[in-house]
Structures are given as C-alpha cells and as structure tokens.
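Novice: Using only what follows, build the 3D model:
(one chain, ligands or ions: 1)
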Amino acid sequence: MSVNAPVQIDRQRIRELIEREEKRLNDATPKSAETYKRAHHVLSGGVASSYQLRDPWPIYLERGAGPRVWDVDGNEYLDFHNGFGSMVQGHAHPVIGRAIQERYASGTHFAAPTEDAIVVAEDLQRRWGLARWRYTNSGSESTMDAIRIARAYTGRDTVMKIFGSYHGHHDTVMVSIGVEYDKIGDRDNLASLPYGAGIPQAVVDMTIAVPFNDADAMERRIERLAAEDRLPACVIMEAAMMNLGVVLPEPGYLEAVREITQRHEIVLIFDEVKTGLCIAAGGAVERFGVVPDMVTMAKSLGGGLPTGAIGGTEEVMEVVEDGSVYQVGTYNGNPLGMAAARASLTEVLTPEAYVHLDGLNDRILAGCTAVIEKYELPGYAVGVGSKGCVTFSPAKIVDYETFKENQDAELADLAWLFNMNRGIFMTPGREEEWTLSVTHTEESVDRYVAVFEEMAHDLTQ
Ligand SMILES: Cc1ncc(COP(=O)(O)O)c(C=O)c1O
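Specialist: You can find the predicted model right below:
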C-alpha cells in the first residue's frame, strides 16, 4: 500500500458536489422522508439505534436478497454495508433460511441447551484454537462478559483499550472513542473520556486508552499503572481497527502486544466482533497468527440473527466453569440463532467462501488503487478479507491521532452520497468500511469501482 502524492482538491468543488448529490438523494427517497415523519413520533430520532440516524432522514429498507437491498422507495442497491458487517453470508441465504425454518417448526426458545450450540462451539474451537466457548446475543454483551471474566481471573479492575476503538455500548468500553483532536491528550498519557452522557466518571477512570500500533507506549503505560498499583486486568483490542476505515497492524505489533501482556500476566482479548468470520475462517487469529487469551464475537456469527460468543483458554474460562463468574442470559445459545450459526459455519462460510472473498477484495482494492493513482487523489485503498475502504488522507493512518489529523470528512461524506445515488448501499458513518458477502460477484465490485471513478472524475475535472 502506498500513499499517493495528491493533487489539491478544490474544497469549493467538494461542497458543490455534496449539495448536488444531497438533493439527488433527497429527491429519490420521498417515501423514506414520509416514513421518517411517522417513525419519529414513536422512535427516538425515528430509528431503532442511534447508529441508524441520518440527516435529513434515514434511508428505510424493505428487503434484501443475496448482495442486494431495496429501500421503501423501491431503489435497488448493491449492499456493501451488510448490516455493519453482519451479513457476510449475503441476504436471505437459502441454506440459512432452511435451517431457521426447520428450527422454527421444532420450537425456537427453551433457555435450555441444544445440540446446535455444541456443534457451533466445536466449529469455533477448531477455527480459533481456543478451548472453551460461551454465547451471548450481541457484541456488547460479548465484550462486557469477557471483561468481567478477565477481571475475575486476575482480581484486578483496570481495563486497557486502544484509543478510538469501539467495543460496544456498555460503560467500561464507552471510553475514549470519538473525541476531538485537541482533547486526545499526550501520547504517553491519553485521556479517558466518556463517549456520550450517562457514563459514571468512576467507570471512565478505570479504563485507560493507549495508541494503536505502538507497543512501547502500551508497555510504558502498563508499567506506570503497575507502579500505581493499578495493573490492568485485560487489554481489549481489535487486531485490525475497523472503525477508522480499516487500520492494519504494523508488522510485529501484535506479537509485541502478546509478549507484553503475557509478561505482565494481563489477559489479552481480541475483539473479533467485526473481524470474526469476515477476514478469515478463523478471524484475526488465523489471519495474523497471534493467539490471544480470549476472543469476542457477534455480528456475522448469527447469519443475520442476534448471536454472540466468547472464546477463551481453559485456564481463563475456569472462572466461569467453577461458578465464580455468572456468564448468563435468557437468550444465550438461543436455538434459532444456533441453527443459523451452524448452517452458516458448516455450509456457507466454507474454505471456498474465503477464497472467493479474498479474490473479490483483491479486485476491488486494486480497482480503487488504480482510480486513486489515475486521478491523483489524496488517499489509499486498504483492506483484509471481506473488509476494506478508501481512506481519504494524504498520510497513512496508523492510529486515532493520525486519523484525526488527516481525515477528510467532507470527501468521505461525498463518497457516501455518490455511492447511494448510484446503487451502492453503504453505512452512513464516515469511518466505516465495506463488507463484501459471499454472494457478491466480480460485477458487484466492478460497479463499486466504476462509481468511485465517476466521483474522482467529477472532483478533478
Ligand atoms: C469491534 C466491535 N465490538 C463490539 C461491538 C458491539 O457490537 P453490538 O453492536 O452487537 O453490541 C461492535 C459494533 O459495532 C464492534 O464493531
């Protein structure tokens, strides 16, 4: 990956194009506008989750099939959002549909264990090489329970995370995520800041953030915490950051983190809620070859149903086995979710599926890179497995600080509008990446590249 020596893009031109594209999208989505009017009388902001908000109205969807989705106005899109990366299997996959139907006919919920939960855990154990598994219903539940297990195992309270990373919406991890550049604090002493209101300061203070891709900074902070008698219970991190576009680990970084955490007897948790089944059959652990003490999963695990999992070594998970940690939940291992996960793991996300995804991602990344070079845009294409993005930045992003320093929010906004107006469905957030599905084809990714080229042309003409 090389960062282009960019041409200066006329800021006025970007704004003109944003205005033109905004009008075009608003004109094409009158039913979404109407739906929003109705929705906001009953749903706060007219949506089910604040991550679905969009000004002036969200785009309400009606259905999906394979790589495509349709909104309430009947607009058809190729889906590169894929439910924040949950739908790597594509929409309405017939194999998963059949499994759900069969399970429904035999009863959907008992709050008692079923065989599918064992089969899914056997598969995850094989893929991740971790001995013991438990289920949850979301990524937030997975990270919340994993942190509790780590705290119980070590007898410590402090949690270390990567500055800028998102690990779900419970208090401990809603710290030092999206903050303004001037509030980050100095690199060796990054600030612990709540992400939104309602998070107790005492909890915020227990979470310490360090920069991604800097193992020395992590170790220095750990040593200072040790001196203050606040050694962390765990380091929770994504092996590749997936919420600033995609930020890959630099060579040697994950190995160094593994060594440091082992030496200080800190539980290393790879949060694989996004990387999970999306970047390799065995997620980041397989792709980068570093084995943590625990992993957390959700999103793509359930093939569209709300299912999460925690994997850990026998040693760490002993605190669950011996009953000292209550890892519980009425819907944990829900039979419907387990049936979908089983079908997905055993019949859809096969070794061939990953060959297909890797091939498509190579193609889309090469296509975007060629456009960037042809039009001398300030940015680069980066990705792994089914995930990728074009990062609009004149310099390589390696952590939150470089992201905040270089991010071109206007260009990212324009790219989203351009995509939506030309049948490419993407997340409304600026910092999200694409997720390909096994149902995407070469034509799908070529369409993405063609739309990107149209934007590059309009920007630079
Ligand atoms: C890395 C990571 N961890 C945890 C979560 C939380 O997952 P959920 O939204 O299912 O609670 C997310 C959600 O985007 C995530 O990206």
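
Novice: can we go C-alpha only for contacts and neighbour counts from here?
Specialist: Noted.

Novice: Around Arg15, how many other residues sit close by?
Specialist: As a burial measure, Arg15 scores 15 neighbours (other CA atoms under 10 Å).

Novice: which ones are touching it?
Specialist: Glu410 (CA atoms under 8 Å, 6 or more residues apart in numbering).

Novice: how much space between it and Glu22?
Specialist: Computed as CA to CA, to the nearest Å, the Arg15 to Glu22 distance reads 10 Å.

Novice: Can you pull out the low-pLDDT segments for the stretch 1-150 of the chain?
Specialist: Residue ranges of the stretch 1-150 of the chain with pLDDT under 70: 1-6.

Novice: Could you pick out the residues of it near the ligand for me?
Specialist: The stretch 1-150 of the chain has residues Ser138, Gly139, Ser140 near the ligand, with proximity defined as CA under 6 Å from any ligand atom.

Novice: quick one: which of those residues is most hemmed in?
Specialist: The residue in those with the most neighbours, by other CA under 10 Å, is Gly139 (25 neighbours).

Novice: May I ask you to confirm that that residue is in contact with Leu301?
Specialist: No. Using CA atoms under 8 Å as the test, Gly139 is too far from Leu301 to be in contact (10.2 Å).

Novice: tell me, what's touching the two both at once?
Specialist: Gly308.

Novice: Quick check, central residue of this structure?
Specialist: The residue lying closest to the centre of the chain (CA atoms, centre = their mean) is Lys274, at 3.6 Å.

Novice: Can you give me the neighbour number for Gly164?
Specialist: Neighbours of Gly164 under the rule other CA under 10 Å: 24.

Novice: now it, what's its secondary structure?
Specialist: Secondary structure state of Gly164, per DSSP: H, G, I helix; E, B strand; the rest coil, is coil.

Novice: ok, how many other residues are close to the closest residue to it other than its chain neighbours?
Specialist: Nearest residue to Gly164, sequence neighbours excluded (CA to CA, 6 or more residues apart in numbering): Ile177, at 4.0 Å. Per other CA under 10 Å, the neighbour tally for Ile177 reads 23.

Novice: now do Leu61
Specialist: 15.

Novice: Now for the closest residue to it other than its chain neighbours: which residues touch it?
Specialist: Closest residue to Leu61 in three dimensions, ignoring its sequence neighbours and counting by CA to CA, 6+ apart: Asp71, at 4.0 Å. Neighbouring residues of Asp71 by CA under 8 Å, 6+ apart: Ser32, Ile59, Tyr60, Leu61, Glu62, Arg63.

Novice: Of the residues you listed, grab the buried ones for PyMOL.
Specialist: In PyMOL syntax, the buried subset of the contacts of Asp71 is picked out as below (16 or more other CA atoms under 10 Å):
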select buried, resi 32+59+60
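
Novice: Tell me the residues of the stretch 201-350 of the chain that contact the ligand?
Specialist: Counting by CA under 6 Å from any ligand atom, the stretch 201-350 of the chain comes close to the ligand at Asp271, Val273, Lys274, Ala298, Lys299.

Novice: The same query, at a cut-off of 5 Å, please.
Specialist: Val273 (CA under 5 Å from any ligand atom).

Novice: which residues does the residue nearest to Gly164 contact?
Specialist: Contacts for Ile177 (CA under 8 Å, 6+ apart) come out as Phe163, Gly164, Ser165, Tyr166, Leu193, Tyr195.

Novice: again, but for Phe418
Specialist: With CA under 8 Å, 6+ apart, Phe418 has these contacts: Glu21, Val451, Phe452, Met455.

Novice: Thr114 now?
Specialist: Counting by CA under 8 Å, 6+ apart, Thr114 makes contact with Pro335.

Novice: Give me the distance between it and Glu318.
Specialist: Thr114 is 22 Å from Glu318, by CA to CA.

Novice: Pull the number of nearby residues for Pro56.
Specialist: Counted by other CA under 10 Å, the residues lying close to Pro56 total 10.

Novice: Could you check how far Leu267 is from Arg224?
Specialist: If you look again at residue 267, you'll see it is Val, not Leu. 18 Å.

Novice: Among the contacts of Ile177, find me the one that's closest to the ligand.
Specialist: Of all the contacts of Ile177, Tyr166 has the smallest distance to the ligand: 5.5 Å, by CA to the nearest ligand atom.
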